[in-house]
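>>> Provided below are the primary sequence and the corresponding predicted coordinates.
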Amino acid sequence: SVGAGNVLGDLIDSGAAAVTRLDTVFRQGARSGIVTVAHGILHADTTPPTPVEDPAKLDFTQDIHFVRVDDPEACVAMVTKLCCDILPKALRFDPLRDIQVLAPMHKGTGGIQAFNQALQGRLRGADARPGRIQPGDKVIQTRNNYDKNVFNGDFGVVLGQNEEGALLIDFDGARVELERGEQGDLHLAYAVSIHKSQGSEFPAVVVPLLRQHSIMLARNLVYTAVTRGRKQVILVGDPTAYAMAVRNASDSRRITGLLPRLRGEE
């Protein structure tokens with residue numbers, strides 16, 4: 001469960017409902033390093049992909065990598081370089097449509113807000129207005145808008161803005177105009193939270209992991225981040241933070257009270 005509780009997990013563990021287990025991976029190839037690392041995370045293997053300090057040494061015949069940086073400000077700079085220079089040059093990925101930064105926390109030097117500001121500034125240049133959405137920005141809808149057929153978690157790119165302030169946005173090929181009063185649920189999405197990415201997939205993901213994120217680091221969080229990438233996953237940060245996350249399985253052991261009820265123990 002994204003929010004409180006563990007409804008599906010408790011139903012599966014209770015034996016009270018029929019369960020079908022899916023064991024074929026379609027998002028990545030059968031020999032994918034992403035799959036290998038994901039399985040390692042599930043089995044509490046704290047060994048990350050071999051860390052490198054120089055991104056020029058990344059071997060893109062492999063699909064998962066770890067770039068080591070220890071300082072939050074250096075992490076922001078490295079993530080920006082990967083998204084705006086290295087991945088577009090090496091693999092011709094579009095920074096807006098193909099690459100997604102997934103971070104554990106919103107605030108702080110290594111938080112989502114810092115990454116959004118850095119990436120917006122780099123990609124928009126002199127046109128950037130920090131924190132404000134404008135034509136050319138990558139955005140995410142955070143609440144269902146049934147009138148416009150746009151839903152929580154939909155990513156888009158702003159194409160233009162009219163004199164009344166309405167934004168024309170390309171949501172995966174569907175062009176939608178959002179009036180000023182509808183834009184409160186629209187946020188910059190160069191970087192989003194790992195939680196917000198659940199259910200989504202991207203050609204490439206870049207995942208900052210720092211010790212300053214320790215309050216949020218958990219096994220299911222890093223597993224979710226790693227498995228969002230179809231073709232490339234780059235972890236950026238401190239291998240110690242990766243190990244901290246993999247060791248912490250507490251978030252997956254929520255005490256809900258539902259399981260004993262399903263088993264008839266109460």
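All right, it came through fine.

>>> Might you report the residue contacts of the nearest residue to residue 45 once chain neighbours are set aside?
Closest residue to residue 45 apart from its sequence neighbours, by C-beta to C-beta, 6 or more residues apart in numbering: residue 246 at 6.9 Å. Any C-beta I mention is one placed from the backbone N, CA and C, and that applies to glycine too. Residues near residue 246 by C-beta atoms under 8 Å, 6 or more residues apart in numbering: 40-41, 44-46, 219, 222.

>>> please redo it, this time with the cut-off set to 7 Å
By C-beta atoms under 7 Å, 6 or more residues apart in numbering, the residues touching residue 246 are 41, 44-46, 219, 222.

>>> how about stretch 236-255: buried residues?
236-239, 241-246, 248 (16 or more other C-beta atoms under 10 Å).

>>> part of a strand, is residue 204?
Yes: counting by DSSP: H, G, I helix; E, B strand; the rest coil, residue 204 falls inside a strand.

>>> picking that back up, of the contacts of residue 246, just the buried ones, PyMOL syntax please.
Filtering these down to the buried ones (16+ other C-beta under 10 Å) takes a single PyMOL command:
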select buried, resi 41+219+222
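
>>> among the contacts of residue 246, which are in helices?
41, 219, 222 (DSSP state H).

>>> Mind putting those residues into a markdown table with pLDDT?
Below are those laid out as a markdown table (pLDDT from 0 to 100):
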| residue | pLDDT |
| --- | --- |
| 41 | 97 |
| 219 | 96 |
| 222 | 97 |
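
>>> out of these, which one sits closest to residue 87?
Taking C-beta to C-beta as the measure, residue 222 is the one of the ones in helices among the contacts of residue 246 closest to residue 87, at 20.3 Å.

>>> Contact partners for that closest one?
Contacts of residue 222 (C-beta under 7 Å, 6+ apart): 41, 242, 245-246.

>>> With residue 46 instead?
Contacts of residue 46 by C-beta under 7 Å, 6+ apart are 243, 246-247.

>>> With residue 226 instead?
Here residue 226 is in contact with 34, 37-38, 41, 233 (criterion: C-beta under 7 Å, 6+ apart).

>>> before we move on, what about residue 170?
Residue 170 sits in contact with 156-157, 159, where contact means C-beta under 7 Å, 6+ apart.

>>> Residue ranges in the stretch 151-266 of the chain under the pLDDT threshold?
Along the stretch 151-266 of the chain, segments meeting pLDDT under 70 span 251-254, 266.

>>> make it 80
Where the stretch 151-266 of the chain drops to pLDDT under 80, the residues are 250-256, 259-260, 262, 264-266.

>>> Which parts of it are strands?
155-161, 167-171, 174-178, 186-188, 191-193, 202-209, 229-237 (DSSP state E, counting those that start in this stretch).
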